[in-house]
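S.K.: here is a sequence with its predicted model. Questions after.
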Amino acid sequence: MKRTLIAFFVCTAGVFCLSCRQSVTPPAPYGAIPSADQVKWQQLEYYMFAHFGPNTFTNVEWGDGKEDPKVFNPTALDCRQWAETAKKAGMKGIIITAKHHDGFCLWPSRYSTHTVRESAWKDGHGDVLKELSEACREAGLGFGVYLSPWDRNHPTYGKPVYDQTFTGMLSEVLSHYGEVFEQWFDGANGEGENGKKGFYTWPLYNRIVYGHQPHAIIFSDVGPGCRWIGNENGRAGETCWSRLDINGFEPGKAPATDTLNSGNIFGQAWVPGEADVSIRPGWFYSAATDDKVKSLDQLLDIYYSSVGRNSNLLLNVPPDRTGRIHPNDSIRLMELRAKLDTIFSVNLLHGAKVTASSVRGNDAAFDAANVLDTAFNTYWATDDLIYSASLEFELPQKQTFNLLLLQEYIPLGQRVAEFNVEYWDDTTDSWQLLASATTIGYKRILRLPATTAEKLRVNILHALACPVLNTVELYCE
């Protein structure tokens, strides 16, 4: 009887404890956060820009709109070759200059007489956007379009009625070629001597984009989907917030370039950076630059300064006069892909033991081990009022390394404002500083001095809210 009563009380106490136990709630989002489409866009990381048009055949960067449309005549246009090159390079999409400042349309627009319809190519029956969009779909790549609002050819440019022309062109491009992952805008507006200024209605243009392509990311100086990084060198700031203050700004009337480069720590909108750069000195193809393609080391440095600093990389690879990507460009792209594959093939933290100075509610759902798995939606987090914390990694054996990759779980916002990295020095029995940095964001890659150690520590020194990291990886370049 006594044994039965004891069992009853033990069982009852266990049920009571289980009923009282509450699961630990995840961190609340902090500040401006990305939309689901912006998260998906950020995960693309790296894609191709393709500047192509009359400028390809006239050796100029900005056409004046007076060129004879018949000058556009690629002899062997092959958009499948573009797509195959991009895919083999590890790129996730292609953005084409559907209309540059000269006003020439790479599709037979009914709103212009300066198009492929008036060109010599295919006797006026061609459509570059059709061929490229189909090639991208076949290759599993995103298809994006650049339409410059500046038009140095159209007779209505500079008059309010031009809005009808431009929105008509936008509607054609966004409704006839399938899904568009990014709409690329700039604020170019009558630059140059005696340039004719236009009247741009950006809220209208954005509504047209979303009306046809609700999931498209709109690029401009200030987004709203993603922003220009403030230079054409492919380099984000060493401090790079995905947040930006955009009130009072618009394309062509943007914040200072250093603000675009680094973002705003407390910016009210989520507008992540996109770093654009050309593989050649110019944006359009020129035979004179065939021997001036950026070196592998230059491209690798650009990759670390863009993707490695919380920004997507838009690398321009201009098709040549045949309508194909030049061998010099494609060879260099393959070299970059091979180099990156080699560098990031072996994560030296595989099999490591990781401990955290703090774990949210001591709940395994937020354990430090989450930074070592490959799932995007699992992460390490601390309790709400803990804004500084450490992750300590013990490797299975001593390793030599010089690259550290970190990622924040950005669906909950960007939080880390300052961190450092240390290694355990056996000769002094102490932690030694390796590097200090500020932001992390979607992805941060730190190039470190070559170091051989068995223990590594990442210290979050200051976060705006409890830190949420979903990935930490270690490599040797």
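M.R.: Yep, that arrived.
S.K.: where does residue 399 fall, phi/psi-wise?
M.R.: phi -140, psi 150 (degrees, to the nearest 10).
S.K.: nearest residue to it in space, please, no chain neighbours.
M.R.: Spatial nearest neighbour of residue 399, chain neighbours left out: residue 348 (4.7 Å); criterion: C-beta to C-beta, 6 or more residues apart in numbering. C-beta: built from backbone N, CA, C; applies to glycine.
S.K.: and the one you found, how far is that from residue 85?
M.R.: 32 Å (C-beta to C-beta, to the nearest Å).
S.K.: now residue 457
M.R.: 42 Å.
S.K.: between the two, tell me which one has more neighbours.
M.R.: Applying other C-beta atoms under 10 Å to residue 457 and residue 85 shows that residue 85 carries more neighbours, namely 22 against 17.
S.K.: ok, now how distant is that one from residue 131?
M.R.: 15 Å.
S.K.: and residue 165, which helix or strand is it part of?
M.R.: Assessed by DSSP states H and E, residue 165 sits inside helix 162-175.
S.K.: mind listing what's buried in that helix?
M.R.: Neighbour counts over helix 162-175 (16 or more other C-beta atoms under 10 Å) mark 162-163, 165-167, 169-170, 172-174 as buried.
S.K.: can you put the residues you listed in CSV and add pLDDT and distance to residue 143?
M.R.: Converted to CSV, those look like this (pLDDT from 0 to 100; distance: C-beta to C-beta, whole Å):
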residue, pLDDT, distance to residue 143
162, 95, 26
163, 95, 25
165, 97, 23
166, 97, 20
167, 98, 20
169, 98, 17
170, 98, 15
172, 98, 15
173, 98, 10
174, 98, 11
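S.K.: and the residue nearest the centre of the chain, what is it in contact with?
M.R.: Centroid-nearest residue in the chain: residue 312, 2.0 Å away (criterion: C-alpha atoms, centre = their mean). Residues near residue 312 by C-beta atoms under 8 Å, 6 or more residues apart in numbering: 41-42, 44-47, 226, 272-275, 306.
S.K.: just the ones in helices from those residues, please.
M.R.: Mapping these onto helices (DSSP state H) picks out 41-42, 306.
S.K.: and the helices in the stretch 101-250 of the chain?
M.R.: For the stretch 101-250 of the chain, the helices defined by DSSP state H, counting those that start in this stretch occupy 128-139, 162-175, 202-212.
S.K.: and those: which comes nearest residue 430?
M.R.: Comparison of these against residue 430 by C-beta to C-beta identifies helix 128-139 as nearest, at 52.2 Å.
S.K.: next, report how far that closest one is displaced from the centre of its chain.
M.R.: Offset of helix 128-139 from its chain centre (C-alpha atoms, centre = their mean, to the nearest Å): 21 Å.
S.K.: what is the mean pLDDT for it?
M.R.: Average pLDDT, helix 128-139: 98.
S.K.: same thing with stretch 55-71?
M.R.: On average, stretch 55-71 scores 96.
S.K.: just give me the neighbour total for residue 23.
M.R.: Neighbours of residue 23 using other C-beta under 10 Å come to 8.
S.K.: for it, helix, strand, or coil?
M.R.: Residue 23 falls in the coil class when you classify it by DSSP: H, G, I helix; E, B strand; the rest coil.
S.K.: per-residue pLDDT, it?
M.R.: 83.
S.K.: and residue 421, its phi and psi?
M.R.: Per-residue torsions, residue 421: phi -130, psi 130 (degrees, to the nearest 10).
S.K.: that one reaches residue 456, doesn't it?
M.R.: Yes. If you go by C-beta atoms under 8 Å, residue 421 and residue 456 touch, sitting 6.9 Å apart.
S.K.: tell me which helix or strand residue 98 sits in.
M.R.: Using DSSP H and E, residue 98 sits within strand 93-99.
S.K.: for that strand, name the packing helices and strands.
M.R.: With contacts taken as 3 or more C-beta pairs under 8 Å, 6 or more residues apart in numbering; DSSP states H and E, strand 93-99 sits against strand 46-50, helix 79-88, helix 128-139, strand 142-147, strand 182-184.
S.K.: quick one: which of these is nearest residue 354?
M.R.: Per C-beta to C-beta, nearest to residue 354 of the helices and strands packed on strand 93-99: strand 46-50, 28.3 Å.
S.K.: can I get the helices and strands packed on strand 93-99 in JSON lines with distance to residue 337?
M.R.: Below are the helices and strands packed on strand 93-99 laid out as JSON lines (distance: least, C-beta to C-beta, whole Å):
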{"stretch": "strand 46-50", "distance to residue 337": "10"}
{"stretch": "helix 79-88", "distance to residue 337": "7"}
{"stretch": "helix 128-139", "distance to residue 337": "15"}
{"stretch": "strand 142-147", "distance to residue 337": "18"}
{"stretch": "strand 182-184", "distance to residue 337": "21"}
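S.K.: residue ranges in the stretch 151-300 of the chain under the pLDDT threshold?
M.R.: 192-194 (pLDDT under 70).
S.K.: and residue 252, how far from residue 200?
M.R.: According to C-beta to C-beta, residue 252 and residue 200 sit 7 Å apart.
S.K.: joint contacts of the two?
M.R.: With C-beta under 8 Å, 6+ apart, residue 252 and residue 200 have common neighbours 187, 189.
S.K.: tell me the contacts of residue 80?
M.R.: Applying C-beta under 8 Å, 6+ apart, we find residue 80 in contact with 135, 138-139.
S.K.: try 10 Å
M.R.: Residues in contact with residue 80, defined by C-beta atoms under 10 Å, 6 or more residues apart in numbering, are 131-132, 134-136, 138-139, 324.
S.K.: need the residues you listed in TSV (columns: neighbour count).
M.R.: Shown next, in TSV, are these (neighbours: other C-beta atoms under 10 Å):
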residue	neighbour count
131	19
132	27
134	17
135	20
136	27
138	13
139	20
324	20
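S.K.: how about these in CSV, adding distance to residue 70?
M.R.: Output for the contacts of residue 80, formatted as CSV (distance: C-beta to C-beta, whole Å):
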residue, distance to residue 70
131, 19
132, 21
134, 25
135, 25
136, 28
138, 30
139, 31
324, 21
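S.K.: tell me which of these is nearest to residue 282?
M.R.: Comparing the contacts of residue 80 against residue 282 with C-beta to C-beta places residue 324 closest, at 17.7 Å.
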